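1. need a 3D model of the sequence below.
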Amino acid sequence: MSTQTVHELVYISAAVAPMSEQELAALLLKARANNKRLGVSGILVHHEGSFLQVLEGDPAVVEPLFARIERDKRHHRTVVMRRGPIAQRTFGDWSMGFVESDPRLTESLPGFNDFFRRGLQRSQISTEAGPVKQLIDAFRDGRFRQYVRV
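-> Numbers count the residues shown, from 1 in each chain. Presented below is the predicted three-dimensional model:
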């Protein structure tokens, strides 16, 4: 009986320019489709040009995916906050959740979570989510954000 290692990678970055509602929605829909195809779960948190993303899956898939994300010219100042094996997926039910500070943008999008007002609810994440939940909560509370300079 073999067990597959789940790899978690958490990073923050800043958009190089403000993104429109349509651009953010397109980013989410593309990420959800790609991640579903790759067997990657996670969450994407956005606040005024600052991003935090959690990627979970096979390390042979997550690391090359992150390398492509790092090369994406739409953002910069990428910093890995956490990387390594975890016991189980924190966001296993989500192909990609998206948390936005302006609910008008994402209320109709699949995976939307009103995190900035309510926080992540225990029913939405695994019980093993301690460290990553602390990072996401800190991002919500204003730490680690890297805003777009226009």
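2. wait, a helix at Ala33?
-> Yes. Applying DSSP: H, G, I helix; E, B strand; the rest coil, one finds Ala33 inside a helix.
3. how many residues are close by it?
-> By the criterion of other C-beta atoms under 10 Å, Ala33 has 12 neighbours. (Glycine included, C-beta is placed from N, CA and C.)
4. pLDDT value on it, please?
-> Reading off the confidence values, Ala33 has pLDDT 88.
5. what sits against Met57?
-> Quick fix: residue 57 reads Gly, not Met. Shown in contact with Gly57 (C-beta atoms under 8 Å, 6 or more residues apart in numbering): 6-7, 35, 38-41, 89.
6. so which of those wins on neighbours?
-> Val40 (25 neighbours).
7. quick one: the closest residue to that residue other than its chain neighbours from Val10, how far?
-> Leaving aside its sequence neighbours, Val40 sits nearest to Gly57 (C-beta to C-beta, 6 or more residues apart in numbering; 4.0 Å). Distance from Gly57 to Val10, counting by C-beta to C-beta, to the nearest Å: 13 Å.
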